[in-house]
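> give the three-dimensional model of this entry:
(one chain, ligands or ions: 1)
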Amino acid sequence: MALKPCRECGKQVSDQAEICPNCGIKEPTISAETALPSQPGEDSDVILTMPGILITRTLAKFPSQTFPINGIGSVTVATANGVLWFIGAAVFLVSGIAVIGSSVDGNPIGIFPILGAFALFIVALKQKDGLLIKTSSGDVRAMVGDKKKLEIVKQAIERAATMRG
Ligand SMILES: [Zn+2]
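Modelled structure (predicted):
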């Protein structure tokens, strides 16, 4: 049992007391501070929350990985280069058709470039903009998503870094 100053009259009161024996106020030792505890790294430090993502002044938490803010060198939004993969797929497709078409009895070897074209096409579809986090152990693609969302997360991390100084 500890003694605390009453929030109304300031006299020392037991923190278990429901009523101050001096001034009669209810819950004399409960102050705004104890009613809303602020814990480092918890709610009070939250800068951004999104499904699966939490950015605080100390941590950047992603579904796959958590980074300490002071371990982040820089954050960049990396643009996906899906177009190059589509061009590659088109080149493979055209050459595969050319091989089959140029031979008299339909050379079956042309099936391989066509299969390659399908593989590249799938890769092209999977290309997404990503958030690149530079750490001391290298660049990490922390998340993928649409550019707008990535920019918001990027700004939140940069704000956290600024707050930490
Ligand atoms: Zn009192």
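
> for the rest of this, base every contact and every neighbour count on C-alpha atoms.
Noted.

> who touches the helix ranked longest in the chain?
For the chain, the helix reaching the highest residue count under DSSP state H is reported as helix 82-102. Helix 82-102 is contacted from outside by 106-114, 116-121, 123-128, using C-alpha atoms under 8 Å, 6 or more residues apart in numbering.

> elements contacting whichever strand or helix holds Val13?
Using DSSP states H and E, Val13 sits within strand 12-14. Here strand 12-14 is seen to pack against strand 3-5 when contacts are counted using 3 or more C-alpha pairs under 8 Å, 6 or more residues apart in numbering; DSSP states H and E.

> could you point out the helix or strand that follows the helix or strand of the chain with the lowest mean pLDDT?
Here the helix or strand of the chain ranked lowest by mean pLDDT, DSSP states H and E is helix 32-35, holding a mean of 49. Using DSSP H and E, the helix or strand that follows helix 32-35 in sequence is strand 46-50.

> how far off centre is that following strand?
The gap between the average C-alpha position of strand 46-50 and the chain average comes to 9 Å, counting by C-alpha atoms, centre = their mean, to the nearest Å.

> what residues sit buried inside the longest helix of the chain?
Residues of helix 82-102 classed as buried by neighbour count (16 or more other C-alpha atoms under 10 Å): Gly82, Trp85, Phe86, Ala89, Ala90, Phe92, Leu93, Ser95, Gly96, Ile97, Val99, Ile100.

> also stretch 120-136?
Applying 16+ other C-alpha under 10 Å to stretch 120-136 flags Leu120, Phe121, Ala124, Lys128, Asp129, Gly130, Leu131, Leu132, Ile133, Lys134, Thr135 as buried.

> quickly find the element holding the first one.
Taking DSSP H and E as the criterion, Leu120 maps to helix 111-126.

> direction included, what does the following helix or strand past that helix pair against?
Per DSSP H and E, helix 111-126 leads on to strand 130-135 as the next helix or strand towards the C-terminus. Paired strands of strand 130-135, with direction, are strand 72-78 (antiparallel), strand 138-144 (antiparallel) (DSSP bridges).

> picking up where we left off before, let me know the closest of the buried residues of helix 82-102 to the ion.
Within the buried residues of helix 82-102, the smallest distance to the ion is 69.2 Å, found for Gly82 (C-alpha to the ion).

> what distance do you get for the closest one to Pro51?
Here the criterion is C-alpha to C-alpha, to the nearest Å. By it, Gly82 lies 26 Å from Pro51.
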